[in-house]
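**Student:** coords please:
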Amino acid sequence: MKAVAVKELKNRLSQYLREVAAGEVVLVTDRGKVIAELRRPSAGARLDFEQSLEPLVAQGLLLRGLPQNPRAYRKTRATLTRSSQALLDAERGES
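**Tutor:** Residues are numbered from 1 along each chain as shown. The predicted structure follows:
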């Protein structure tokens, strides 16, 4: 367990989040007083969060995103019928 001041946490947030993800508990202090505790969520907390989203999905207020998998996002190639210069000329009204 380690303690870190708010300013230091803001300056090195990514570093501290990596430590929390690795299992470290980080106490956040403000003027020497502990104001927060950063730790990995429990399995139950993650499940509760997922379940809390279901009513929003059912009401159409929330759309689930695609998985973070590059294969889930198809890349399309642009097919131009004219050259870039011709497109610019047409846009500017020059023919």
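**Student:** which residues are in contact with the longest helix along the chain?
**Tutor:** Taking DSSP state H as the criterion, the chain has its longest helix at helix 43-58. With contact meaning Cβ atoms under 8 Å, 6 or more residues apart in numbering, helix 43-58 is reached by 41, 62-64. C-beta here means a position set from N, CA and C on the backbone, and glycine is covered the same way.
**Student:** The helix or strand of the chain with the lowest mean pLDDT: what's the following helix or strand?
**Tutor:** The helix or strand of the chain with the poorest confidence is helix 43-58; it has a mean of 84 (mean pLDDT, DSSP states H and E). Sequence-wise, the next helix or strand downstream of helix 43-58 (DSSP states H and E) is helix 84-92.
**Student:** Go ahead and measure how far that next one is from the middle of the chain.
**Tutor:** Its chain's C-alpha centre and that of helix 84-92 lie 38 Å apart, by Cα atoms, centre = their mean, to the nearest Å.
**Student:** and Asn69, what pLDDT?
**Tutor:** For Asn69, the pLDDT comes out at 74.
**Student:** Can you report how many residues lie near Val4?
**Tutor:** Val4 has 19 neighbours, counted by other Cβ atoms under 10 Å.
**Student:** next one: Leu63
**Tutor:** Applying other Cβ under 10 Å, we find 8 residues neighbouring Leu63.
**Student:** Could you do Lys33 as well?
**Tutor:** Here the count is done by other Cβ under 10 Å, and Lys33 has 7 residues near it.
**Student:** which residues pair with it across the strands?
**Tutor:** Beta-bridge pairing for Lys33 (DSSP bridges): Asp30.
**Student:** Which per-residue confidence value corresponds to it?
**Tutor:** For Lys33, the model assigns a pLDDT of 97.
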